[in-house]
Structures are given as C-alpha cells and as structure tokens.
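Asker: return atomic coordinates for the entry below.
(2 chains)
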Amino acid sequence: MPTYLIKIGELSLKGGNKHIFVKSLKWNIKNRLKGGSRFYGGFGRYYLETDLPKAMVEEVLSCTFGIVGFVEVVRAEKEMSAIQQEALIISDQVQRERGRSSFKVEARRQDKSFPLRSYDIACALGKSISEAFPLLEVKVNKPDWILSVEIREKALIYGPQKPGLGGLPAGTAGKGLLLLSGGIDSPVAGYLMAKRGLGIEAVYFHTPPFTSQEARKKVEDLCRILARYIPGITLLVVPFTEPQLLIKERARESETTLLMRAGMMTLAGELVKERGLGALITGEALSQVASQTVESLRFTNSYAEYPVFRPCIGLDKEEIIEIARRIGTFETSILPYDDCCTLFAPQRPMIRPEFKKMRESFQALNLMESLDKAKENLEVVSFEGEL
Amino acid sequence: MNPIYLDWAAAAPAEKEILDLYYETALKVYGNPSSKHQAGREARELLSGCRERLCRLFGLKSHQIIFTSCGTESNCIILTSLLPRGGHMVTTAFEHASLYEQARHLEGFNLNTSFVRGKEGFLDLEAFEKSLKDNTVLVSVMAVNNETGTVQPLEVIRKIIDEKYHGKRKPLLHVDAVQAAGKIPQEEWLPWGDSFSLSGHKLSAPRGCGLVLLKRPISPLWRGGGQEGGFRPGTENLAAITATTEALIRAVEDLENRRTLAGRCKRLLLEELGSLEEVRILPSVEVAASNRSSPFILSLSLPPLPSEVTVRILSEEGFYISAGSACSSRKETAENRVLSGLGVSPDLAFSAVRISFSHKTTQEEIHRFIEAVKRSIIPMINRLAGGKSR
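Answerer: The predicted model follows:
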C-alpha cells in the first residue's frame, strides 16, 4: 500500500501536550480522507498508509495545517539492486521536474544485519545516480534535495519532500467565529487563524433586498474555498436587514457604519457564547477604512466580551492580497457583489469617534430586540472540503 | 401566482404560433438556400418569399432587406462599413450599447465620433447641428430610446442634415429601430433614415434574426459566401427569418390595436404611480404621457432606492422589471450612461427602473403591479427617508 512520510515541524516542540496535537492531526487527515488509511509513527516521523488516489492524498496533505512536508515513500526488498532501482526511478522524476540540481543520499540502517553500513549505502547510490543522470550532481553540503534510504523491516526510499502549510492542527486552539464579509481581508484572516490551530465558524450578515443573492453565494463560495484548509467550516447567515434599517432610521448618518459594526460585534459575541466558541476573528487592518482606525476599533471592540483576533491588522493591502491569491480566495472576493448596499454607506463616515459619545449613540438605538430576532432566524450551512 | 412579466423591451416571450412556424421550417425546409438541388431551391424560394413580404410591408426593394443575426450585428454592419475610408461620425450619448460601445471601439481606428447628449429625454438638436462636420460620413440616432421610450425627432434630424449638406454629399443617417419596428407608426421612423436596424425577438420571434433595412447602398467590411447580397455572408437562418418575418408583419398589421392596449397599461401606471410623491416619472410625466413616447415603455425613478434593489424586491414579489442602472458599490457610483445622456439627474438615474409591456399585458396585471409597488416599495422609501439629518 502506498505510504507517505509526514514531517510535523513545530508540533514536535510541544512537549507534554504533543500527543494532543498529533491526535488532532491524525484525526484531521483521516476525517478528510474518509477512511481507507492508517496513520502511525512517532519521534517526529509519521506515516500515512493509504490506497486512495495519489492526487487526493497529496491535496489533503498539502492543505492540512500542522504538516511541514510530506513525500511518498517507496518500499523495496532489502537488497542493494532493488534499492538502487527505486532510487534511480525517483532521481529520473526529479531530473524531469527540476532539470539541473544538486543532491545527496542519506541512509539510515535500523536493521544492523544489512551488510552495508549507512555511509557505504549513501556512497554507492550517490555514484550510480550521478552516473545515470548527468544533470544531477552530488553535493554533501546544502544540496538542493536529499534522497533518503531507511533500512527497516523493508527498505524505504524517498526523494525531496513536498511542502506543507506548517502551522498547528485545526481545532487544537479551540474555535473562533470569523466575521466573513465577502471582501478580500476576512477570508485571509480566517485562514491565518486556522493556521494557528483555531477551528473556524463564520458569520455573514445578509441584508436582502439591499444585497443580492449573488453576494450571499459569493460568501458561500469563499467558505467552499476555505474548506480546503478548514474542512467542515460552518457558515451562519444572519438576516441583518432590520437592524440595518433601524440604524439608518435612528442614527446620524456619519455614525451609521460604526454603529452597524457595533451591532455586528454584539450579535457575533452572543453567537460565540451560545455556540461555545472562544474568540472572534475579523479581517480588519489598521486604518484601511474609517471603521478600522484606532479610535473606531476601540469603540467596536468594546462590544466584544471575547478576544478579537485581527491577524491582518499589521498587513498592507498588497500583503493581504498576496495571501488571498495564494489560498485561492482572491478571484472570488473581487466579484462585484457588494456586502453592503451603497444606500447605507455614509458620504462622510466618522474616522475618530468619541468613545463615550458613540457608546451613548449605540445605547440610544435600542437595537437589542432586532438583533435577538436576527439571531433567532439565522441559517446554518456547512462546507466539506471537496476532493 | 404566476410571475408577471414587465420586461418586454428586453425580450418578448415567444409566441406559440411563431415558434411552431420556426420549428416546422427548421424541420421541413432544411436545404441550404445556396444549394442547387431541390431542397436548396425550396429554401431559396422560402427565403425570397420572406423578403418579398417584408418589401411590401416596408415599401422597399428586395435588395434593401438584409437578414442578420440580431440588432447588434445590424448596427455593427453599418458602423464597420465606415472603417476602410474613416472620417467623422455623429451619434448620441444615449444609444444602445451595441451602437455606443461599437462607436467607442472604432475610435481606436480611424473614425472620430461626436456623442451628442440629450435634454429632457430627447436629442439636443442645437448641439447635434453643431456637431456635424464636413467630413461627417455617418449620423446614427435611435428611433425609440430603450430605457425611457422617448421617440427621437428623426424628421427634424433628417431636415437638419439635408439643409446642412445641401448640394454636398450627405452623411448616411442610420437609425437603430429595434424598439420602434412593430411598436410605433412606420411614418415616424421609416421615411427619415437611410438605414435601419431591427430585431425579431423583441416581437416574440425566437432569438437569432435581425434585419438591416438599407435604402442607400454601403460597402460592407465583411466578405464571405455572398449571401444577403454580400452584406451579411453566412448561411441564412431560414427558420428564424421565417418566424421574424411573420412576427414583424403581425406586429405592423396589428399596430394600432397593440398600441391602444399597451397605451391603456401605460396610462394606468401614470395615473396611479405618477401621482405618488415618492415616484418620479422619467423624463417627465408630460413626455411619458404624450405621443413623443412609446406606449410600450415607462421609466420611473424611486429615490433613494437603488434600481437594483427595487428590481430585487419586486422580483421576490413575482414582478419582473428592469433596472435602469446597476447598484453601484460604495467605492464608485456607476453612472447610468443612457439616462444621464438624456439629461436625467444622477440621483434619479441611480434609482431608475424600466417597466415595459405589450398588447398582451392586462389591466389586471398592471393593477397588481401597482399594488405591489404601494405595498413593498413605497413604505421602504418612506422608512429610508425617515432617517436623522446628516
């Protein structure tokens, strides 16, 4: 059965809690692959045995947080001719993919009955590979890639590793609620926090008929993309039209955006409490828009009883876009379906709100009843990572 | 309850008899009209039969009727014919995209274009006259504006051109008559232009057939198998041509009746909605109620609701109308080019919707639509208007 070697990097630093992280990782991989696989190992080296198609397994391993790198391992009989044959097949593949490159062979002999010592195995294979493939050159110090051989109950041979995402297994840090708008920043924020092991539920504030079904579908599509990294991500669609209309009716125009954000924070905080989550996540970046200045954030933040994670806070737009492109959300985020109707966007939004005055404005809105009703009527949608 | 369709100017629902004709033709007259065998001859005869019927309908000669695939293609055939020699062109800022965007595109070649704006729904004739130059080779003005329904003063435009170029070579006057043919009396458009674009599916024919009526010869840019006198090479879509011919003839022959029926719907809308202070009729009640406006189209504005929101609310209620403009993002206000080109203020254009109907639209349907506006749109407008001052 094909076997993959999985390297877990930072996970191995987690001391006494390590088994929790490994257990999560194992569960995350097996859950995504839906059976037909075996996960085992220890001491920083884990193996996944599976019959599932290679493309599917590689998709899962390259998108699961907590994995630094992985590679398919080939098994051979414990004979030099068999080992050499597999080593040449792997080297041929590497030469096709990379062209000219440097390599070294690392051998480990767990089974001491094998007649050649580790050093001898490495020398023999290095010689035959560089003879067979003129573009591959042996370089012991900092080679481009390593061919590894392990002599155990069988001989295990593998070439260069494919990179994983790093980070920590999803769920090991508890769960947070992502305020997902459909823009560029919030999916990136969700991704970055998931990378640190936070499980994610998302909330979208939907305001029909002022925003379209296409806008809602866009948010669902973003969840579908995020489900690659956060399998089973749940989306809570909150009907927010009534609170928004009340704000429009009752508030000063310049304050509407901030008051709407405060309403969303309040409602999201309630959802965190009810659903047993531990934190809020937003895509806010300092000073990107009027509601993201220090003063504005102080105000909106005051409605959250839980930690609010803002992983994009110190990033430039270009940096956020770069991540969005890498994780595949950018093209969807820029579709022209707005998450807020222009009707509710003030001509001159407040940039430096007075904390006390704004708190009073929000109090005066008397919004709680409509927020409770919105919360009661929310819809829940779940997204599995498609394979 | 069945949805009520009030977007006939975008596409008219197909009519069964016309569709049957299309189907029967496609099934039975399968030959290529250019083929020399019996099947080809049958197709050729049917094609020339259609052309003859349209000749009689429009009072034109058979070589002046050119079948195309749609209104857009018809406009493009005329505009691209100017490419080899270049020159100057005059059109309006409120043309349909198939003409406006094509004209803008050709500016990148050797054609300069003046886009003349309108005032209160009609072409600004003074500005129009000033835009005409010695090297103007083409003037293109639509007969009926597709968003407001205003009938452009083609007779006056003709007169201005004739006087300005008296004794000289006159520019070709092209008329986009897609919303005019079969909907307004022929004498209001047909005598004044040199060429015209028509489309079948606005009159319940299946999509896939348009027309150019060409009273003054041009030299087309395209070349091919020589079909349609070389103006529109490509195998003729005989089934769609047959259906479009039938639809056009029926519409023109039944014109007065259809105008009366549609006019009743429009009057009802004007009476019931025009009197509400939340509703603004575009370009004005006077124009919309007059015979300077198509009885099949009514444009109105419901500020501050963005057009798209109004369309969405009514769609949820089962009424299909059309947005005058796209609900813009908060970043930029996407301008409604057509309405602003006709002199409508940005605020009103932002909230404009188009209601378009046919002789088949019933008073009952219009009553229900008016009720829906009063029930779902007007209270929303009042709620939004009730906010605190800025």
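
Asker: for residue 36, grab the count of nearby residues.
Answerer: Picked chain A for this. If you count neighbours by other CB atoms under 10 Å in any protein chain shown, residue A:36 ends up with 11. Every residue, glycine included, has its C-beta placed from N, CA and C.

Asker: meant chain B, my bad for not saying
Answerer: Residue B:36 has 10 neighbours, counted by other CB under 10 Å.

Asker: ok, it - contacts?
Answerer: For residue B:36, the contact set (CB atoms under 8 Å, 6 or more residues apart in numbering or on different chains) is empty.

Asker: next one: the one 4 residues further on
Answerer: Residue B:40 is in contact with B:31-34, counting by CB under 8 Å, 6+ apart.

Asker: same thing but at 10 Å, please
Answerer: B:30-34 (CB atoms under 10 Å, 6 or more residues apart in numbering or on different chains).

Asker: let's see if you can find the most crowded of those.
Answerer: Neighbour-wise, the contacts of residue B:40 (other CB under 10 Å) top out at residue B:33, 20 neighbours.

Asker: quick one: secondary structure of it?
Answerer: coil (DSSP: H, G, I helix; E, B strand; the rest coil).

Asker: ok, it touching residue B:49?
Answerer: No - in this structure, residue B:33 is not within contact of residue B:49 by CB atoms under 10 Å, at 11.2 Å.

Asker: quick one: classify the most far-flung residue of chain A relative to its centre as helix, strand or coil.
Answerer: Ranked by distance from the centre of chain A (CA atoms, centre = their mean), the top residue is residue A:115, with 45.7 Å. When classified by three-state DSSP, residue A:115 comes out as coil.

Asker: against chain B, how distant is it?
Answerer: Counting by CB to the nearest CB, to the nearest Å, the gap between residue A:115 and chain B amounts to 72 Å.

Asker: show me what contacts that residue?
Answerer: The contact partners of residue A:115, taken as CB under 10 Å, 6+ apart, are A:78-80, A:109, A:121.

Asker: ok, back up a step: any chance of the contacts of residue B:40 in JSON lines, plus distance to chain A and pLDDT?
Answerer: Shown next, in JSON lines, are these (distance: CB to the nearest CB, whole Å; pLDDT from 0 to 100):
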{"residue": "B:30", "distance to chain A": "42", "pLDDT": "95"}
{"residue": "B:31", "distance to chain A": "45", "pLDDT": "95"}
{"residue": "B:32", "distance to chain A": "43", "pLDDT": "95"}
{"residue": "B:33", "distance to chain A": "44", "pLDDT": "95"}
{"residue": "B:34", "distance to chain A": "45", "pLDDT": "94"}
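
Asker: just the buried residues out of the contacts of residue A:115, in ChimeraX syntax.
Answerer: Per 16 or more other CB atoms under 10 Å in any protein chain shown, the buried members of the contacts of residue A:115 correspond to this ChimeraX selection:
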select /A:78,80,109,121
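
Asker: now the contacts of residue A:115 in CSV, with pLDDT, secondary structure and distance to chain B?
Answerer: Listed next are these as CSV, based on pLDDT from 0 to 100; DSSP: H, G, I helix; E, B strand; the rest coil; distance: CB to the nearest CB, whole Å:
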residue, pLDDT, secondary structure, distance to chain B
A:78, 93, coil, 66
A:79, 93, coil, 68
A:80, 94, helix, 67
A:109, 91, strand, 65
A:121, 95, helix, 63
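
Asker: most widely separated two among the contacts of residue A:115?
Answerer: A:79 and A:109 (13.8 Å; CB to CB).

Asker: between those two, which contacts overlap?
Answerer: A:115, A:155.

Asker: show me what whichever strand or helix holds residue B:372 packs onto, helices and strands only.
Answerer: Assigned by DSSP states H and E, residue B:372 belongs to helix B:363-372. Other elements packing on helix B:363-372 under the criterion 3 or more CB pairs under 10 Å, 6 or more residues apart in numbering or on different chains; DSSP states H and E are strand B:4-5, helix B:255-274, helix B:307-316, strand B:319-320.

Asker: contact residues of chain A facing chain B?
Answerer: Selection of chain A residues close to chain B by CB under 10 Å from any CB of the partner chain yields A:208-213, A:245-257, A:289, A:336-349.

Asker: for the chain, give me the ranges with low pLDDT.
Answerer: You didn't pick a chain, so chain A it is. Applying pLDDT under 70 to chain A flags residues A:10-14.

Asker: wrong one, chain B
Answerer: B:324-335, B:387-390.

Asker: where exactly do the helices run in it?
Answerer: Along chain B, counting by DSSP state H, helices occupy B:16-28, B:38-58, B:71-80, B:97-106, B:125-131, B:154-164, B:238-253, B:255-274, B:285-289, B:307-316, B:337-341, B:346-350, B:363-372, B:378-385.

Asker: mind putting the ones you listed into TSV with distance to residue A:279?
Answerer: TSV is the format used below for the helices of chain B (distance: least, CB to CB, whole Å):
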stretch	distance to residue A:279
helix B:16-28	60
helix B:38-58	71
helix B:71-80	54
helix B:97-106	49
helix B:125-131	62
helix B:154-164	68
helix B:238-253	61
helix B:255-274	51
helix B:285-289	57
helix B:307-316	35
helix B:337-341	47
helix B:346-350	40
helix B:363-372	45
helix B:378-385	36
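
Asker: could you pull out the helices for chain A?
Answerer: A:18-33, A:54-63, A:80-98, A:118-132, A:185-195, A:213-226, A:241-250, A:256-274, A:294-301, A:317-327, A:330-333, A:355-365, A:368-376.

Asker: before we move on, back to that, tell me how far the residue farthest from the centre of chain A lies from residue A:124.
Answerer: Per CB to CB, to the nearest Å, residue A:115 is found 12 Å from residue A:124.

Asker: residues shared between the contacts of these two?
Answerer: residue A:80.

Asker: domain parsing for the chain?
Answerer: Because you didn't say which chain, this covers chain A. By the assignment in automatic domain parsing, chain A contains the domains A:3-166, A:175-383.

Asker: oops, wrong one, chain B.
Answerer: B:4-12+B:255-378, B:16-253.

Asker: and of these, who's closest to residue A:182?
Answerer: For the domains of chain B, the distance to residue A:182 is smallest for domain B:4-12+B:255-378, at 11.6 Å, taking CB to CB.

Asker: is the spatially closest residue to residue B:282 that is not a sequence neighbour in a bridge, and if so with what?
Answerer: Using CB to CB, 6 or more residues apart in numbering or on different chains and skipping residues adjacent in sequence, the residue nearest residue B:282 is residue B:299, 4.1 Å away. Beta-bridge pairing for residue B:299 (DSSP bridges): residue B:282, residue B:354.
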